[in-house]
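1. sequence plus the predicted model coming up.
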Amino acid sequence: MSAALNCNICFIGGGNMAQALIGGLISRGLPATRITVSDPVEKVRELLQERDVQVTDDNVAAIKDADVVVFAVKPQVLSTVLQPLNGLFDGKLVVSIVAGAEIGTIAKLIGTERIVRVMPNTPALVQTGAHGLFATDVVDTKNRELASQILAATGLTLWVSTEAQIDAVTAVSGSGPAYFFYMMESMIRAGKNMGLDEKVATALTLQTALGAAQMAITSSNTPSELRKNVTSPNGTTQAALEVFDRAQISQNIQAALAAAQKRSQELAQELSDSTK
């Protein structure tokens, strides 16, 4: 983390994910005075100013003294925001958490390929995110490590070997929290249908989800092995899992993630086309 703590970091966009990263970096020891955020919304700037970070609505001024610039804007405004910054990134590392924005698309807008593309996910808001990272050979080992340190402030960081794999990361972890929330919703509804109070059904479901995830993370066994360990022959768990199998839940989950991956590819192409 030492390299990141010695950097001036600028965020273009101060939304939830940027705020999560800022909070994580400050908690890791980065002085708030080393962070600058540029955002057009006054309320966002006021909120961030309470953390003692520097704020502005001038993107050019914001990146002037930055060692690292993090793009955290919505995809639909990417071209509008970045085109005026073209040619201003000499010596700077760019980290993009803009959904669907390929490195080639960003490079055309800002005039540099020294870019790390990141697919984060929303649990970063509670420092338990899972981030997939990719960069071309233009980004050296030192800067890859720097990007890892910045993202590690809010969770797990994993590098993928091709940019195409970012679409798979999007399907698995980027959209992944919603899948688990969907499962939680269904379990809570089932508990209520069986007579449990909603608060009781909710508490049991959420704690079970937390416990299962913690077991999977800390155990030397795979999730498949853990499932088998709690499935007694002819028991209650087996009865439930047999229903899942008859409904082809596993196959449907795989098909759902494939659909998410395909849509991620389509969105990236649409964004690329819109910036030509």
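-> Yep, that arrived. Residues are numbered from 1 along each chain as shown.
2. what's around residue 10, how many residues?
-> Residues lying near residue 10 (other Cβ atoms under 10 Å) number 25. Where C-beta positions appear, they are placed from N, C-alpha and C, glycine not excepted.
3. and what about the nearest residue to it once chain neighbours are set aside, helix, strand or coil?
-> Closest residue to residue 10 apart from its sequence neighbours, by Cβ to Cβ, 6 or more residues apart in numbering: residue 66 at 3.7 Å. Each residue gets one of three states, and residue 66 gets coil by DSSP: H, G, I helix; E, B strand; the rest coil.
4. residue closest to the middle of the protein?
-> Residue closest to the average C-alpha location in the chain (Cα atoms, centre = their mean): residue 120, at 1.2 Å.
5. excluding its backbone neighbours, what's nearest it?
-> residue 131 (4.8 Å).
6. and the helix or strand the one you found falls within, what other elements does it pack with?
-> Applying DSSP states H and E as the criterion places residue 131 in strand 129-135. Strand 129-135 sits against strand 115-119, helix 141-152, strand 155-159, helix 165-169, with contacts defined as 3 or more Cβ pairs under 8 Å, 6 or more residues apart in numbering; DSSP states H and E.
7. relative to strand 115-119, how tilted is the helix ranked longest in the chain?
-> Counting by DSSP state H, the longest helix found in the chain is helix 249-274. Put simply, helix 249-274 runs at 140 degrees to strand 115-119, going by axes from the mean of the first three to the mean of the last three Cα atoms, to 10 degrees.
8. tell me how far stretch 3-13 lies from the chain's centre.
-> Its chain's average C-alpha position is 18 Å from that of stretch 3-13, according to Cα atoms, centre = their mean, to the nearest Å.
9. which residues sit against that stretch?
-> Under the criterion Cβ atoms under 8 Å, 6 or more residues apart in numbering, residues 18, 21-22, 25, 28-30, 34-39, 59, 62-63, 65-74, 81, 142, 145-146, 149-150, 153 lie in contact with stretch 3-13.
10. got the CA positions of it in CSV?
-> Output of stretch 3-13 as CSV, limited to C-alpha atoms (Å, rounded to 0.1, in the frame of the first residue of the first chain):
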residue,chain,number,x,y,z
ALA,A,3,3.1,3.3,-3.3
ALA,A,4,-0.5,4.4,-3.3
LEU,A,5,-0.1,6.4,0.0
ASN,A,6,2.6,8.5,-1.7
CYS,A,7,0.4,9.4,-4.7
ASN,A,8,-1.9,12.3,-5.6
ILE,A,9,-5.1,10.7,-6.7
CYS,A,10,-7.8,12.4,-8.7
PHE,A,11,-11.3,11.2,-9.3
ILE,A,12,-13.4,12.4,-12.2
GLY,A,13,-16.8,11.7,-10.9
